[in-house]
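**Q** Requesting a structural model of the entry that follows:
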Amino acid sequence: MRWDDIDKQVCSVARALSVVGERWTMLIIRDAFLGTRRFDQFQSNLGVTRHRLSERLTKLVEHGVLVKVPYQDRPVRYEYRLTRKGLGLYPVLMSLARWGDDWMDKDQGAPLEYVHQTCGNKTHPVLACSECVEPLKPEAVTPQ
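**A** Next up is the predicted model:
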């Protein structure tokens, strides 16, 4: 199967990757969660070429992950904001960060720590059952 046809698979992971699975895309989304809004800020933070960044931002807008909002009239300039659909990627991003903290360059430690504003404690994401709140483990879940 060609990558361009990955969204036609009967698989939620494949369909999700058709939108966010390209190189640079999750880093763009990460930066959006960290408050980056403008094209030049993304380009400066990531070091990605302007052409590639434009392609990725356009795709994220087309798929409703980001929305372009004008912030200047002359010339017209836009900033990019996460939509509800984009905000839905937060658990994915947090899980990737946790995986990176646990398995990549452990000697360096986590580059970011997350503080839960409600309780004021440092936190890390935990995937849990929506019904009993027990942490989910692959050996305890059966796909049907």
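**Q** for the lowest-mean-pLDDT helix or strand in the chain, which positions count as buried?
**A** When the helices and strands of the chain are scored by mean pLDDT, DSSP states H and E, helix 12-20 comes last with a mean of 89. Using 16 or more other C-beta atoms under 10 Å as the test for burial, helix 12-20 gives Leu17, Ser18, Val19, Val20. Just so you know, the C-beta spots here come from the backbone N, C-alpha and C atoms, and that holds for glycine as well.
**Q** Please apply the same query to stretch 28-44.
**A** Ile28, Ile29, Arg30, Asp31, Ala32, Thr36, Arg37, Phe39, Phe42, Gln43.
**Q** Of those residues, which belong to strands?
**A** Among these, none falls in strands (DSSP state E).
**Q** For the residues you listed, work out which two are farthest apart.
**A** Greatest spacing in the buried residues of stretch 28-44, by C-beta to C-beta: Arg30 and Phe39 (16.1 Å).
**Q** could you dump the buried residues of helix 12-20 to a markdown table with distance to Lys59?
**A** Formatted as a markdown table, the buried residues of helix 12-20 follow (distance: C-beta to C-beta, whole Å):
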| residue | distance to Lys59 |
| --- | --- |
| Leu17 | 12 |
| Ser18 | 10 |
| Val19 | 7 |
| Val20 | 9 |
